[in-house]
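Chemist: give me coordinates for this.
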Amino acid sequence: MAYRADTLSRQFSGIVLNQNAAHTAYLSTLTTKYQIFRLPADYMRAGITPPLTGFQICVSATSEDVEVEWTLERRTLFSSTWDVLASGVATGVPAEGDEVWLTCTTESPVSVESGLNDQYRFSVTPIAGVERFWYTSPNPLTFGEAYDDDPDNPMLDGGEECSFLFRVLAGVADSGTDWLGNAYRSVVIKKSAASADPSAGTGSYWLSAPQPSQFAVVSRYFDMRDAFGQPQMIDSVLLDPNTPGVWAHLYYSDEGEPGTDETSWEERVWTPVPKSYRMTTRNTFVLPSPVKAKYIKVEFSHLQARSYSPGPFQKPVVYKKHPKWVLDYFLLITADARPADSAAFVANAKRVTYNAYDLAYNYYQDDLFQSPDGPGFTSPADAERVQKFLASKDDYSDLVDPVTQSLISTTLRPFLIEPHVRHTARNLLGEVALNSLVSQTGTYPVETLPPATSVGPDVSSLNREAVIFEQHFPVMYFYIAARHRYREVAARLDKDRAYFVGLNEIAFLRSNYSVESDADMYVELMGDFANAERNDFIVGDPPVVNT
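Modeler: Residues are numbered from 1 along each chain as shown. Sure thing, here's the model as predicted:
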């Protein structure tokens, strides 16, 4: 599933009709060329009709600076009139040469849901850089033929009808045969990036509301289900930021129906992808392992600071940040970042000067509606207030269920065991975090739920090397599967500065396939059609066993 803000790109176009038979000859007349075609019988994929995104035609280019005018038209089954679907000017080819593909892409997808049996036609008028058009004779197409200049009389070569060498592009990804011999095909589903948050109202891209704090986090939720309501599998994500430098974190869930607001989305259990992604330029990030899910959540942290004037009559802005049980873990990680190991935690070449005390103090100051730029502990009274703040667990975001409580305790227990971090338990932060969380009962308020039968996966071996320090404090995220209840704080934009995250494009991709259906396990029943499009098994006599 892909969410875009700008026009359709070639990256998400695939070939659905390829007339690439051996060419017979070429036309060197620089007049308008026409090609009629019909969509293939198996054009639909997984119940979805991909939109047309353009076409390619094989030409001889005298330079890379090719320029042509083109149109794409459709004629319904019982009509004699051609309706223009798209038109434009195509410029440039990958390289000059005798046989190159000239690509003409539409500004937006062209729907063909009601026109699978209609005729289609594209025309190309050379302006510069084109010398020849290659064609095949006799015509290999059952429906469709080429026309030179005269759109009413098919082009003939020795009395035979012809077809140009061309390809039709549509909103599909790849297709082929996997190593088990199973055929697969894929389709691309696209929506505007702004549609992920209609309230943003930007139209061409999505931009978050102004946030008053560097600790603020913003989340987006995506419904990944197919036309049958089944989960989909992805193994990479494409991110094109409008605000470079922001960090992204992915979570997935299969619970329930799509949420209607942020609260309903947050109440399901989200499993984290154990990696953080820093958005700098348009880039595709490969996940540590493929994820199969109905819903994907993308959480953004370390938002970009920009100049912002709220005006003289501003009201306090409510924003969200991670709860204290998440902060506690990263406080311990920060305190454990010894100089000898600091290189493993640094996201760039700059020296990390922040420490756990600064992190705790600024997070505490943030809750007091103040700017998170404090100087750190300045007196014993400051330390005592921060200690009391961290020890209190009375916010709604501190409420966890028994399973989450067990996972938190399992994750933090190594801090009591490993010799080089035992000193952490004796300082202010260690005492608060460890005494609160690693005890058998825990001090976080627990939801009224049936006793947990399992504590989920073993997370005691969580790789602390993956924790990254950026802009002087850790890149925090929900490090275990849990409900995402954020701490809500109100603050004013008192420094003519706010924090934002924006996206030009986000796409969830799948590159590797094993079976046609995304089952948790592939079961081969020796000749069934549940997981394969065709039966390639041969029935023979059973082997003879000598006893």
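Chemist: hey, let's count contacts and neighbours off CA atoms from now on
Modeler: OK.
Chemist: what is the neighbour count of residue 38?
Modeler: When neighbours are defined as other C-alpha atoms under 10 Å, residue 38 has 19 of them.
Chemist: how about it, phi and psi?
Modeler: When read as degrees, to the nearest 10, the backbone of residue 38 gives phi -120, psi 150.
Chemist: that one - nearest residue in space that isn't next to it in sequence?
Modeler: Excluding the flanking residues, the one nearest residue 38 by C-alpha to C-alpha, 6 or more residues apart in numbering is residue 119, at 5.2 Å.
Chemist: give the bridge partners for that neighbour, please.
Modeler: residue 75 (DSSP bridges).
Chemist: unless I'm mixing things up, it is touching residue 72, no?
Modeler: No: at 11.0 Å, residue 119 does not count as touching residue 72 under the criterion of C-alpha atoms under 8 Å.
Chemist: now stretch 45-60: buried residues?
Modeler: Neighbour counts using 16 or more other C-alpha atoms under 10 Å place 49, 50, 51, 52, 53, 54, 55, 56, 57, 58, 59, 60 of stretch 45-60 among the buried residues.
Chemist: and residue 390, how many neighbours?
Modeler: Neighbour tally, residue 390, other C-alpha under 10 Å: 21.
Chemist: quick check: it is in a strand.
Modeler: No: per DSSP: H, G, I helix; E, B strand; the rest coil, residue 390 lies outside any strand segment and is helix.
Chemist: can you check the pLDDT for it?
Modeler: Turning to residue 390, the model gives it a pLDDT of 78.
Chemist: any figure for the gap between it and residue 407?
Modeler: 20 Å (C-alpha to C-alpha, to the nearest Å).
Chemist: how many neighbours does the closest residue to residue 117 other than its chain neighbours have?
Modeler: Distances taken as C-alpha to C-alpha, 6+ apart put residue 77 closest to residue 117, at 6.7 Å, once the chain neighbours are dropped. Neighbours of residue 77 under the rule other C-alpha under 10 Å: 11.
Chemist: same thing with the one 4 residues further on?
Modeler: By the other C-alpha under 10 Å criterion, the neighbourhood of residue 81 contains 10 residues.
Chemist: what does residue 410 give?
Modeler: 20.
Chemist: state the phi and psi torsions of it.
Modeler: phi -60, psi -40.
Chemist: coming back round to it: inside strands: which ones of the buried residues of stretch 45-60?
Modeler: When the buried residues of stretch 45-60 are checked against strands using DSSP state E, the ones located there are 52, 53, 54, 55, 56, 57, 58, 59, 60.
Chemist: including pLDDT and distance to residue 18, could the residues you listed go into CSV?
Modeler: CSV is the format used below for these (pLDDT from 0 to 100; distance: C-alpha to C-alpha, whole Å):
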residue, pLDDT, distance to residue 18
52, 91, 14
53, 89, 14
54, 92, 13
55, 94, 10
56, 93, 9
57, 94, 10
58, 93, 11
59, 93, 15
60, 92, 18
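Chemist: show me which of the residues you listed is closest to residue 297.
Modeler: residue 53 (28.6 Å; C-alpha to C-alpha).
Chemist: ok, the closest one to residue 66 distance?
Modeler: Counting by C-alpha to C-alpha, the gap from residue 53 to residue 66 is 20 Å.
Chemist: on that earlier part again, pick the one among the buried residues of stretch 45-60 closest to residue 477.
Modeler: Minimum distance to residue 477 across the buried residues of stretch 45-60 is 36.5 Å, recorded for residue 50 (C-alpha to C-alpha).
Chemist: so what's the closest one up against?
Modeler: 43, 44, 111, 112, 113, 170, 171, 172, 187, 188 (C-alpha atoms under 8 Å, 6 or more residues apart in numbering).
Chemist: ok, now residue 245?
Modeler: Residue 245 neighbours (C-alpha under 8 Å, 6+ apart): 278, 279, 280, 302, 303, 304.
Chemist: in three-state terms, label it for me.
Modeler: coil.
Chemist: quick one: pLDDT of it?
Modeler: The predicted structure scores residue 245 at 88 on the pLDDT scale.
Chemist: next up, phi/psi of it, please.
Modeler: Per degrees, to the nearest 10, the backbone of residue 245 is at phi 100, psi -10.
Chemist: the residue nearest to residue 117 - that's part of a strand, no?
Modeler: No: looking at residue 77 with three-state DSSP, it is coil, so not inside a strand.
Chemist: residue 251: which element?
Modeler: Residue 251 belongs to strand 247-253 when assigned by DSSP states H and E.
Chemist: would you format the contacts of residue 245 as CSV with distance to residue 148, neighbour count and pLDDT included?
Modeler: What follows is the contacts of residue 245, written out as CSV (distance: C-alpha to C-alpha, whole Å; neighbours: other C-alpha atoms under 10 Å; pLDDT from 0 to 100):
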residue, distance to residue 148, neighbour count, pLDDT
278, 52, 21, 90
279, 49, 22, 92
280, 48, 15, 90
302, 59, 25, 90
303, 57, 26, 91
304, 56, 18, 89
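Chemist: what is the mean pLDDT for stretch 171-181?
Modeler: So the average pLDDT for stretch 171-181 ends up being 71.
Chemist: of residue 119 and residue 72, which one has the most company?
Modeler: Looking at residue 119 and residue 72 with other C-alpha under 10 Å, you find the greater number of neighbours at residue 72, namely 25 against 19.
Chemist: which residue is the nearest non-sequential neighbour of the more buried one?
Modeler: residue 122 (4.4 Å).
Chemist: dump the residue contacts of the closest residue to residue 301 other than its chain neighbours.
Modeler: Nearest-residue entry for residue 301: residue 217, 4.9 Å, with adjacent residues in sequence omitted and distances by C-alpha to C-alpha, 6+ apart. Residues near residue 217 by C-alpha under 8 Å, 6+ apart: 299, 300, 301, 302, 303, 319, 320, 321, 322.
Chemist: if I look at residue 217, how far off is residue 14?
Modeler: 36 Å.
Chemist: which strands or helices does the helix or strand harbouring residue 34 pack on?
Modeler: When elements are assigned from DSSP H and E, residue 34 belongs to strand 33-37. The contact analysis (3 or more C-alpha pairs under 8 Å, 6 or more residues apart in numbering; DSSP states H and E) places strand 33-37 against strand 119-128, strand 146-148.
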